[in-house]
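Q: what would the 3D arrangement of this be:
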Amino acid sequence: MFDWDAVIIGGGPAGLTAGLYLSRGNWRTLLLDKESFGGYIKNIELIENYPGFADGISGAQLGTEMVNQATKYGLTLEQAEVTGVELFSSSKWVACADGKGYTTAAVIIAGGSVPKKLGVPGEEKLRGRGVISCAFCDGSQFVDRVVAVCGGGDSGITEALYLAKLASRVIVIEMMPKLNATAILQDRVRANPKMEVRCGVKVEAILGDNQVEGITIVKEGNGQKETLKVDGVLVHVGLDPNTGYLEGVVPLDSQKQIIVNQWMETEVPGIFAAGDIRSGSPRQVVAAVGDGATAGMSAQRFLQKLA
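A: Purely as a prediction, here's the structure:
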């Protein structure tokens, strides 16, 4: 007898949706997450492209509603960091950092991603001392100050727009020749007098001894350098999947995302992946929810064959 019929790794939209489907099917399901349940969306001020909310919905509210709905149908939540998945002939073992572990028939991996680092001098030294990765969490320390935001995609621009409500000036740094964010977000940036955009440049170093004091940027092409005085740096230049503990367990693509088929199945029977962590994900909340539903239904079919 397994400890659980299914174990879900990751408490964001994909994992919670998979848990909702499995729990409604009366399968004993445990969801593990090392942080707060609801996922990264709980750090987003306003989500405007999730269907059903014409005026948008705060990420915190959407995440909380997803948690409440899933637990209403019996999903068990436990805070724990998963460190490994071991495969046996008739079961799987999910190991956690606190020494606990669980046997299960099915595993759904929905652990999402973490923000990439710039990898430049000063970034690690000044992390938490002006270098941040979440405007909604840490932006209050930059009221009436100058902040640089590294990253011109949807996520970076959304964070920059939030910071513009607090800071005196926000400088967006994008390595590509132009911003990658959707048109409506770019329109908001252009209409905001507090915001400045620098494209075709990259950050070479973050300056300061005990607190961020500035950044050195380099222009792509001619290598021209410039120092900008800023009080903070928010880094949002992409995402890395949380798959370090899965090397050799399931196939990963060149970006270290999990390779799945259209049913969110890996090549290992009984192991599924959903959300940002799976190969080819568009990294949108609505897509993660769809992945979670598919993985939840696929896991049920797998469990039914074992019953």
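Q: now the longest strand along the chain: mean pLDDT?
A: Looking across the chain with DSSP state E, the single longest strand is strand 101-109. Across strand 101-109, pLDDT averages out at 98.
Q: hmm, who's touching that strand?
A: 2-10, 15, 18, 30, 85, 91-96, 246, 250, 258, 264, 270-274, 277, 292, 295-296, 299, 302-303, 306 (CB atoms under 8 Å, 6 or more residues apart in numbering). Where you see a C-beta, it was placed from the backbone N, CA and C, and this is true even at glycine.
Q: run the chain-centre distance for stretch 71-86.
A: 18 Å (CA atoms, centre = their mean, to the nearest Å).
Q: can you pull out the strands in the stretch 1-150 of the chain?
A: 4-9, 29-33, 76-79, 82-87, 92-96, 101-109, 113-115, 131-132, 146-150 (DSSP state E, counting those that start in this stretch).
Q: weakest of these by average pLDDT?
A: strand 113-115 has the lowest average pLDDT among those, namely a mean of 85.
Q: counting by contacts, list what it packs against.
A: strand 239-241 (3 or more CB pairs under 8 Å, 6 or more residues apart in numbering; DSSP states H and E).
Q: quick one: the helices in the stretch 151-300 of the chain?
A: Using DSSP state H, counting those that start in this stretch, the helices of the stretch 151-300 of the chain run over 154-163, 183-191, 285-306.
Q: next, the buried residues of the shortest one.
A: Read it as helix 183-191. L185, Q186, R188, V189 (16 or more other CB atoms under 10 Å).
Q: for those, give me a markdown table that also has distance to A110 and pLDDT.
A: Shown next, in a markdown table, are the buried residues of helix 183-191 (distance: CB to CB, whole Å; pLDDT from 0 to 100):
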| residue | distance to A110 | pLDDT |
| --- | --- | --- |
| L185 | 26 | 96 |
| Q186 | 31 | 97 |
| R188 | 31 | 97 |
| V189 | 32 | 97 |
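Q: let's have the residues you listed in a markdown table, adding distance to E123.
A: Shown next, in a markdown table, are the buried residues of helix 183-191 (distance: CB to CB, whole Å):
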| residue | distance to E123 |
| --- | --- |
| L185 | 25 |
| Q186 | 27 |
| R188 | 28 |
| V189 | 24 |
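Q: between these, which sits nearest S23?
A: Lowest distance from S23 to the buried residues of helix 183-191 (CB to CB) belongs to L185, with 35.8 Å.
Q: correct me, but the closest one touches A160?
A: No. With contacts counted by CB atoms under 8 Å, L185 stays clear of A160, the gap being 9.0 Å.
Q: would you point out the helix or strand in the protein whose mean pLDDT is lowest?
A: strand 113-115 (a mean of 85; mean pLDDT, DSSP states H and E).
Q: off-centre distance for that one?
A: Worked out by CA atoms, centre = their mean, strand 113-115 lies 5 Å from the chain centre.
Q: in it, which residues are buried?
A: So for strand 113-115, counting by 16+ other CB under 10 Å, buried means S113, P115.
Q: and if you look at stretch 22-41?
A: 22-25, 27-34, 37-41.
Q: direction included, what does the longest strand of the chain pair against?
A: strand 4-9 (parallel), strand 92-96 (antiparallel), strand 271-273 (parallel) (DSSP bridges).
Q: how near is the residue most central in space within the chain to G99?
A: Nearest to the mean C-alpha position of the chain, counting by CA atoms, centre = their mean, stands S113 at 4.2 Å. Distance of S113 to G99, computed by CB to CB, to the nearest Å: 26 Å.
Q: over to L30?
A: Counting by CB to CB - L30 and G99 are separated by 16 Å.
Q: distance check, L246 against S89.
A: Taking CB to CB, one finds L246 at 20 Å from S89.
Q: what residues does F302 make contact with?
A: A105, A106, P269, G270.
Q: tell me where the stretch 151-300 of the chain has strands.
A: 169-174, 195-199, 201-207, 214-219, 225-229, 232-235, 239-241, 271-273.
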